[in-house]
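S.K.: what's the 3D shape of this:
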Amino acid sequence: MNATVPIILASSSPRRRELLHNLGLEFTVQSSDVDETTAPGLSPQEIVESLSIRKAQATAVGVDTGLVIGSDTIVVLDQKVLGKPADEDDAFGMLSSLQGREHTVYSGVAIVDAATGKSEVSHSSTKVKIRAMTDAEIRSYIATKEPMDKAGSYAIQGFGATIVEGIVGDYFTVVGLPLGLTAQLLSRFGITLF
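M.R.: Predicted coordinates for the structure are as follows:
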């Protein structure tokens with residue numbers, strides 16, 4: 001590995017931290033507190049890419065040198081974006097609409113070189129099928145509190161693994177940081193993992 005430039009993860013997500021750590025990269029975390037509203041009419045791909053670059057650029061402004069990684073994940077069902085639930089009733093509504101059906105998860109990744117302003121951004125998408133569930137099962141899952149800060153109200157890497165029937169695509173896209181894509185983007189800045 002040839003990471004001589006500092007790497008900064010612009011996310012407070014413990015899942016993204018763990019995934020980046022699993023690549024053997026040394027990095028620091030500097031959460032970006034940006035407005036996550038987007039213009040109406042954007043495609044899911046445009047939403048995750050624009051939010052990823054916004055997060056990376058906001059963090060890059062505060063540092064002199066380093067590669068800043070920003071990421072964003074959304075869940076899309078019937079062309080409707082399902083964000084993080086506002087409350088337990090909202091989580092119940094989302095999970096009720098997802099159960100027994102397939103939806104698509106999009107994750108964007110952006111890397112900004114703080115010193116030069118050079119940036120790279122892309123996205124990955126994965127189809128996820130949630131198994132059919134009873135109202136009681138949905139409420140029991142919500143009672144774990146796991147859905148409360150997750151896009152689409154579930155976490156594939158936690159208890160949510162028990163409600164996922166199958167996926168087509170990259171598992172790490174669903175967790176929130178597509179590792180293959182992240183490695184590709186890092187290589188454009190001269191950082192190779194092996």
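
S.K.: what mean pLDDT does the helix ranked longest in the chain get?
M.R.: Secondary structure of the chain per DSSP state H: the longest helix is helix 44-60. In this model, helix 44-60 has a mean pLDDT of 96.

S.K.: run the chain-centre distance for that helix.
M.R.: Its chain's C-alpha centre and that of helix 44-60 lie 11 Å apart, by C-alpha atoms, centre = their mean, to the nearest Å.

S.K.: before we move on, what about stretch 12-19?
M.R.: With C-alpha atoms, centre = their mean, you get 9 Å for stretch 12-19.

S.K.: which stretches of this structure have low pLDDT?
M.R.: 1-3 (pLDDT under 70).

S.K.: ranges for the strands of it?
M.R.: Taking DSSP state E as the test, the strands found in the chain are 7-9, 28-29, 67-77, 80-82, 102-113, 119-130, 164-168.

S.K.: can you list these in CSV and add distance to residue 59 and mean neighbour count?
M.R.: No exception for glycine: its C-beta is placed from N, CA and C like everyone else's. Formatted as CSV, the strands of the chain follow (distance: least, C-beta to C-beta, whole Å; neighbours: other C-beta atoms under 10 Å):
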stretch, distance to residue 59, mean neighbour count
strand 7-9, 6, 23
strand 28-29, 10, 12
strand 67-77, 5, 25
strand 80-82, 24, 16
strand 102-113, 8, 24
strand 119-130, 12, 20
strand 164-168, 30, 13
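
S.K.: tell me how far the most far-flung residue of the chain relative to its centre lies from residue 85.
M.R.: In the chain, counting by C-alpha atoms, centre = their mean, residue 136 sits farthest out from the average C-alpha position, at 28.2 Å. Applying C-beta to C-beta, to the nearest Å, the value for residue 136 to residue 85 is 18 Å.

S.K.: cool, and residue 161?
M.R.: Per C-beta to C-beta, residue 161 is found 19 Å from residue 85.

S.K.: between those two, which one's more packed in?
M.R.: residue 85 (22 against 10; other C-beta atoms under 10 Å).

S.K.: grab the nearest non-local neighbour of the more buried one.
M.R.: residue 91 (3.8 Å; C-beta to C-beta, 6 or more residues apart in numbering).

S.K.: list the contacts for that neighbour?
M.R.: Neighbour list for residue 91: 85, 142, 147-148, 153 [criterion: C-beta atoms under 8 Å, 6 or more residues apart in numbering].

S.K.: which helices and strands does the longest helix of the chain pack with?
M.R.: Applying 3 or more C-beta pairs under 8 Å, 6 or more residues apart in numbering; DSSP states H and E, one finds that helix 44-60 contacts strand 67-77, strand 102-113, strand 119-130.

S.K.: out of the ones you listed, nearest to residue 29?
M.R.: strand 67-77 (10.1 Å; C-beta to C-beta).
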